[in-house]
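Colleague: Sharing a model that was predicted from the sequence below.
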Amino acid sequence: MKRLGVTSLKTLHMSEPLGIDVKPYFSWVVKSEERNTVQEAYQIVVVDEEKKQVWDSGKVKSDQESFITYCGKSLKSCMKYIWNVEIWDNHGNKASAESFFETALLSKNEWKAQWAESPFKRNKAKKGFGNQEPATHFRRKFALRSKPVKARAYVTAHGIYQLSVNGTRCDGRELAPEHTVYEKYLCYQTYDITEYLTSGSNTLGMYVGDGWYLGAQSLPDIKNMKHAHAVLFQVHVTYEDGSCEVICSDNKVKAAYGAVQCSDLYAGEKYDANQKKSGWDTPAYNDAEWSVCRIGEYGYANLIAQLGNPVRHIMELPAVNVRKSPAGEWIIDFGQVLAGKVRMKINVKAGTQIVLDHCEVLDSKGNFFNNIIGLGGVGMGVDQKDEYISDGEETVYEPLFTFHGFRYVRVTGVGEIKKENFTAIVLSSDGENVGEFYCSDGRLNRLYENTRWSQRANMLSIPTDCPQREKAGWTGDIMIYARTALQNADNTSFLARWLQNVSCDQDERGSVPIVVPCDGPYPMYAKFLNKMDGIFEKGKGTSSGWGDAAIMVPYQMYQITGNTRVLEDQYDSMKKWCD
């Protein structure tokens, strides 16, 4: 008998997701050592963490392996569910495999946390390097009567944040809660923090930068927008005896500024190591001089559990060459255009200012050349610069709250540069690889690799046009590319989330903006189109060449993967656009 197997079990096209708040669907991949093998039937059984069965599909005669919707009992919030699939093939063999998912807060009424808002007076961010307010440390100290057996943190922010517990970062995700139509769709993330908690004193820390929410070039189109960093977190703790406790953001959260003097997704980040607060997110830290946060009245109506893979550090590229340009500047070459940031090892005297300037190409003589001058480029706040001010300690630094599109980096402020001290960190929401191309012609192989690199760089929280100048979700770009993207990588949940934001930005008449999320300068463009068209009495103008993405992206997802769920979810949006 040939071996039959079931692999790649996914819920909502995510592997073992923590914190979902929609009805799940399941998928898997059948593998066999025997040729001409197809699945003839499947059976799915789902049980909760107490081993109570909540769904048994029964044996279903079908070759379907994806988008099989859960049809069992109502799911409970903050619960782990284990699902098992058994399959039968056309040769009389059977196989089974098991996976799990966890629900988040399935009702807005279950949010007990309060928004903790920075108490510091803040000016509206301006474009250009150095024209923003500092990033904000938030900390909340609390006590537990014993070490928990299970602990989940449900977290979001106004800005982009990094979460830590007792001095340790809880997850490798970057730029959370990511780029969405914030007024209607603000993602929150779920973290398993069980291993980081202890009996007695604990501290939850959040470091928050401007991100898209407060960035000068990406301000959301929200009336009476409040320009302040704010955090929301709710920690659910389960003890060994089965009892539970909830710790929330509230008026016990304190705030202070630290080493990040300013941060901007377009301009870059300034980090002064002399201002860092070592141990700020640990229980032993003395926060007597920190300020108590205000309670923000933002509510919970727009909170959505994050769908899709987070932005992560997916690859590292060491510097391939370091040399002095004809102009006498140190230039690092990472050998590849990418979206991400630079990690550098530092051992210089206190007060030394190291500046990193990023670009994609050099000029004809091999000098540094900023190739994004013009609309949205230099002079418009897209400086792609990071600055580190040393405190004299040997350390490793990488920016916390920005990313750039680059291949080359100009380094100023230090003497000789060693290439082993510099590494490019590639960031992406890129999904699991599902397709590759290779042939005997190296030119075609390189062309294909260029395509994949472009996909990595522009599948970053949203599908963008470029990772340096605009970083915008132009609808027409992904309309053209969605079919290819899905044949390269599993971007199903990534695109599904973006389409939900298309629905959020669609107006009451069905008009879809040229950019989603429609923030920063783009609402102005919509008004311009409106005036040019001269046919609408009110609302936003748009273009069929871009808004057609509301139809074409879900339809292409269906064509490539058989995804009917996205057609159901987006049907009203699709119909409104057609009308």
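Modeller: All right, it came through fine.
Colleague: residue contacts, the closest residue to Arg343 other than its chain neighbours?
Modeller: Distance criterion CB to CB, 6 or more residues apart in numbering; nearest residue to Arg343, sequence neighbours excluded, is Glu398 at 4.0 Å. For the C-beta atoms, the positions are set from N, CA and C on the backbone; glycine is no exception. Contact analysis of Glu398 by CB atoms under 8 Å, 6 or more residues apart in numbering lists Lys341, Val342, Arg343, Met344, Ile425.
Colleague: Then Val348?
Modeller: Val348 sits next to Ile354, Ser390, Gly392, Val414 when contact means CB under 8 Å, 6+ apart.
Colleague: could you flag which of those are buried?
Modeller: Neighbour-count burial (16 or more other CB atoms under 10 Å) applied to these gives Ile354, Ser390, Val414.
Colleague: contacting residues around the helix or strand harbouring Gln455?
Modeller: Element membership for Gln455, per DSSP states H and E: helix 442-458. Applying CB under 8 Å, 6+ apart, the contact partners of helix 442-458 are 314, 336-339, 405, 426, 428, 430, 437-439, 464-467, 477, 481, 484-485, 488-489.
Colleague: what do you get if the cut-off is 6 Å, keeping everything else the same?
Modeller: Here helix 442-458 makes contact (CB atoms under 6 Å, 6 or more residues apart in numbering) with Ala339, Ser428, Asp430, Phe437, Tyr438, Thr464, Pro467, Ala485.
Colleague: tally of neighbours for the closest residue to the fifth one other than its chain neighbours?
Modeller: What it means is Tyr438. Spatial nearest neighbour of Tyr438, excluding adjacent residues (CB to CB, 6+ apart): Asn445 at 5.9 Å. Counted with other CB atoms under 10 Å, the neighbours of Asn445 add up to 13.
Colleague: distance between the helix holding Gln455 and the chain's centre?
Modeller: Mean-position distance between helix 442-458 and its chain equals 22 Å (CA atoms, centre = their mean, to the nearest Å).
Colleague: What are the buried residues along that helix?
Modeller: Neighbour-count burial for helix 442-458, counted by 16+ other CB under 10 Å, picks out Arg452, Trp453, Gln455, Arg456, Ala457, Asn458.
Colleague: ok, and the closest non-adjacent residue to Cys466?
Modeller: Spatial nearest neighbour of Cys466, excluding adjacent residues (CB to CB, 6+ apart): Gly405 at 6.4 Å.
Colleague: Actually, Val260.
Modeller: Ala135 (3.7 Å).
Colleague: Val411: which element?
Modeller: Assigned by DSSP H and E, Val411 belongs to strand 404-412.
Colleague: quick one: contacts of that strand?
Modeller: Residues from elsewhere that reach strand 404-412, judged by CB under 6 Å, 6+ apart: 329-334, 337, 339, 342, 355-360, 368, 384, 417, 467-468.
Colleague: quick one on the thing from earlier: neighbours of the residue nearest to Cys466, how many?
Modeller: By the measure other CB under 10 Å, the count of residues near Gly405 is 24.
Colleague: same check, this time on Leu175
Modeller: A count of neighbours around Leu175, defined by other CB under 10 Å, yields 24.
Colleague: Make sure it is actually in contact with Ile160.
Modeller: Yes: the pair Leu175 and Ile160 qualifies as a contact (CB atoms under 6 Å) at a distance of 4.9 Å.
Colleague: For the residue lying closest to Thr136 once chain neighbours are set aside, which residues are in contact?
Modeller: In space, and not counting its chain neighbours, Thr136 is closest to His229: 4.3 Å by CB to CB, 6+ apart. When contacts are counted by CB under 6 Å, 6+ apart, His229 touches Ser118, Thr136, Gly159, Val208.
Colleague: Export these as JSON lines, with columns for pLDDT, distance to Ala496 and neighbour count.
Modeller: Below are the contacts of His229 laid out as JSON lines (pLDDT from 0 to 100; distance: CB to CB, whole Å; neighbours: other CB atoms under 10 Å):
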{"residue": "Ser118", "pLDDT": "98", "distance to Ala496": "33", "neighbour count": "26"}
{"residue": "Thr136", "pLDDT": "98", "distance to Ala496": "32", "neighbour count": "28"}
{"residue": "Gly159", "pLDDT": "98", "distance to Ala496": "25", "neighbour count": "26"}
{"residue": "Val208", "pLDDT": "98", "distance to Ala496": "27", "neighbour count": "26"}
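Colleague: Determine which two of those residues are furthest apart.
Modeller: Within the contacts of His229, Ser118 and Gly159 form the most distant pair, 9.1 Å apart (CB to CB).
Colleague: This structure - how does it break down into domains?
Modeller: Taking automatic domain parsing as the criterion, the chain consists of the domains 4-102, 108-305, 312-428, 442-578.
Colleague: State the pLDDT value of the residue nearest to Tyr438.
Modeller: Looking at Asn445, its pLDDT stands at 98.
Colleague: same check, this time on Tyr525
Modeller: Note for Tyr525: predicted pLDDT of 68.
Colleague: pLDDT weak spots in this structure?
Modeller: Per-residue confidence for the chain (pLDDT under 70) gives these ranges: 1-2, 374-379, 525-541.
Colleague: what are the ranges of the helices in it?
Modeller: For the chain, the helices defined by DSSP state H cover 211-214, 442-458, 475-488, 492-505, 522-533, 544-547, 549-561, 565-578.
Colleague: Tell me which of these sits most buried.
Modeller: By mean neighbour count, with neighbours taken as mean count of other CB atoms under 10 Å, helix 211-214 ranks first of the helices of the chain at a mean of 26.
Colleague: List the neighbours of that helix that are in contact with it.
Modeller: Ala125, His158, Gly159, Ile160, His179, Tyr182, Ser218.
Colleague: Over to stretch 234-250?
Modeller: Outside stretch 234-250, the residues that touch it by CB under 6 Å, 6+ apart are 78, 112-114, 116, 142, 146, 148-154, 231-233.
Colleague: Swap in 7 Å and give it another go.
Modeller: Contact partners of stretch 234-250, identified using CB atoms under 7 Å, 6 or more residues apart in numbering, comprise 78, 111-116, 140, 142, 144, 146, 148-154, 204, 231-233.
Colleague: what's the spacing between it and its chain's center?
Modeller: Centroid separation between stretch 234-250 and its chain, computed with CA atoms, centre = their mean, is 26 Å.
Colleague: Could you list the buried residues of it?
Modeller: If you call a residue buried by 16+ other CB under 10 Å, then stretch 234-250 has these buried ones: Gln234, Val235, His236, Val237, Thr238, Tyr239, Ile247, Cys248, Ser249.
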